[in-house]
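**Q** Build me a model:
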Amino acid sequence: SRLVEYFVMVSSVPVEEHNKKKERKARSRPPNPKRDKLNRSTAAKFEVRKAHLPLLESTDDDDDDDEDNKHLPALEPKITARYPSKDHKDQPLNLRLPQFCHSQGTDIIYPTSQYKMPRIHHFVLTDNMGGKQYGTCLTVYEEFESDDNNNNTNKNKNNSTNEKKKTYYAPRVLCLLSTYPYLTAFRTYLTQLYRLATMTDCMTAPIERYVQNICCEVPAPPPGAYEVQLEILNTPIRFWAPPANQPIAYVSLPFQVLFECLDISNVLLAWYSLACERKVLLVSEQVSLLTVCSEILCSLLFPMKWSHLYIPVLPRSLCPMLDAPMPYLCGISRANFPYAVQDIGDETIVVDLDRNCISVGPNFPELPPLPHKRRQKLEAALNSSVGNVFWEARNLDEEDVLKVKSTGNNASINTWLEKGGAVWE
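**A** Just a heads-up that it's a prediction; the model follows:
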């Protein structure tokens, strides 16, 4: 069977005439309780979820509203290259793919004057039969030229010959789509492929040959002891599957990431909420964490399986789905969170992966208590195996933290936790 379904390039192109309404809507700002007059219901929702709001007033890292770039045209994500060129009959290409390829999940993109380093994130697309396609995206920022920018530059040249031309950047995304959750391996592959493409002296074949190889010639590993291995820039990349009765996530994902984000009590609360089929929303500044942690939480349900609404990276245009009358596991970037607050249901539990905090809606149904002895046994097993992971990620020692907590001095406790949180964030 195929390991990779599609290799897609999504570029930023000028907005077409029929999408001008989307452009006007994209320029609107999210509600801000400090700046705007909100009705009582909206203000109450912001009060409940205030622990997850961005600290800075600017809520979108990708939207630049500076005076300098207002003259630049709005852009929209569009597929400009793909392999294969025709859809597989059993796995057609999703039409909403361009939205998911951009980390903020917006229909409209604006050029930025600030260059950004390449970044990687993952997402999951689900079809009407419950089948999943896992996307791994590498976003690079390239210089953007527009007619308006050129005209302004020519005018400036007439006024001042010494004035430097301002450079703007727009994102371009390379995306791998697969039905297998080998997120770490695909991340490594895209990273090395980008390095290879930018180091022309190392190229031994056209870049298209590498794309054809992973899409057509690299098979998915069969369950069991076999593995598939390929090499790029002397970096081995392994794909192997556990026995058929275990989830692939057990061998394809870094489980320590979840325990670096959340302490054991919060991991248990998030896991138990999913086991009881409740509404769970993950929030993080780092979009790359959302899909990885969602997949890990789903795999912890084994032998049960999450069969409800599942969108680990929720585009801004799909925020109204958070008021759905059904259980869901979704994830949203912190930049998009203010846009979603009004749509988050009162029965939703919000898990903050950056700040290790959880907020519960006013109508969240009380969870049935876990049997006391089994809970103690589970907590003891987790403490012995991954108990220090959370504190080590924050450069803290668990014993010192426990000593400070035992004093009951809230000021000291908050100082320690803020110190650890600052290191993590």
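**Q** make it CA atoms for all contacts and neighbour counts henceforth
**A** Fine.
**Q** which ones are touching the residue nearest to the spatial centre of the chain?
**A** For the chain, residue 287 is the residue whose C-alpha lies nearest the centre (Cα atoms, centre = their mean; 2.7 Å). For residue 287, the contacting residues are 103, 121-122, 313, 332-333, by Cα atoms under 8 Å, 6 or more residues apart in numbering.
**Q** From residue 320, how far out is it?
**A** From residue 287 over to residue 320 the distance is 19 Å, taken as Cα to Cα, to the nearest Å.
**Q** Could I get the contacts of residue 287 in TSV, plus columns for neighbour count?
**A** Formatted as TSV, those follow (neighbours: other Cα atoms under 10 Å):
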residue	neighbour count
103	25
121	24
122	28
313	29
332	27
333	26
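**Q** between those, which is closest to residue 88?
**A** Closest approach between the contacts of residue 287 and residue 88, by Cα to Cα: residue 122, at 21.6 Å.
**Q** State the mean pLDDT of stretch 255-263.
**A** Taken as a whole, stretch 255-263 has a mean pLDDT of 93.
**Q** So what's the gap between it and the chain middle?
**A** Relative to its chain's centre, stretch 255-263 lies at 16 Å (Cα atoms, centre = their mean, to the nearest Å).
**Q** Going forward, the N-terminal residue is numbered 8.
**A** Okay, residue one is now 8; in that scheme the one you just asked about reads as stretch 262-270.
**Q** So which residues of the stretch 8-157 of the chain form strands?
**A** With DSSP state E, counting those that start in this stretch, the ranges of strands along the stretch 8-157 of the chain come out as 13-21, 82-90, 126-133, 139-151.
**Q** could I get those as JSON lines with distance to residue 406 and mean pLDDT?
**A** Shown next, in JSON lines, are the strands of the stretch 8-157 of the chain (distance: least, Cα to Cα, whole Å; pLDDT from 0 to 100):
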{"stretch": "strand 13-21", "distance to residue 406": "48", "mean pLDDT": "93"}
{"stretch": "strand 82-90", "distance to residue 406": "49", "mean pLDDT": "92"}
{"stretch": "strand 126-133", "distance to residue 406": "35", "mean pLDDT": "93"}
{"stretch": "strand 139-151", "distance to residue 406": "39", "mean pLDDT": "93"}
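**Q** Would you reformat those strands as a markdown table and include distance to residue 257?
**A** Formatted as a markdown table, the strands of the stretch 8-157 of the chain follow (distance: least, Cα to Cα, whole Å):
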| stretch | distance to residue 257 |
| --- | --- |
| strand 13-21 | 24 |
| strand 82-90 | 29 |
| strand 126-133 | 18 |
| strand 139-151 | 16 |
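**Q** so which of these gets nearest residue 226?
**A** Nearest of these (Cα to Cα): strand 13-21, 13.5 Å.
**Q** Just want the angle from that closest one to strand 82-90.
**A** Compare the direction of strand 13-21 with that of strand 82-90 by axes from the mean of the first three to the mean of the last three Cα atoms, to 10 degrees and you get 150 degrees.
**Q** Check the offset of strand 13-21 from the chain's centre.
**A** Put simply, strand 13-21 sits 18 Å off its chain's centre (Cα atoms, centre = their mean).
**Q** which other helices and strands contact it?
**A** On a contact count with 3 or more Cα pairs under 8 Å, 6 or more residues apart in numbering; DSSP states H and E, strand 13-21 meets strand 82-90, strand 175-185.
**Q** What ranges does the stretch 58-207 of the chain have for its helices?
**A** With helices called from DSSP state H, counting those that start in this stretch, the stretch 58-207 of the chain shows them at 104-108, 154-166, 190-205.
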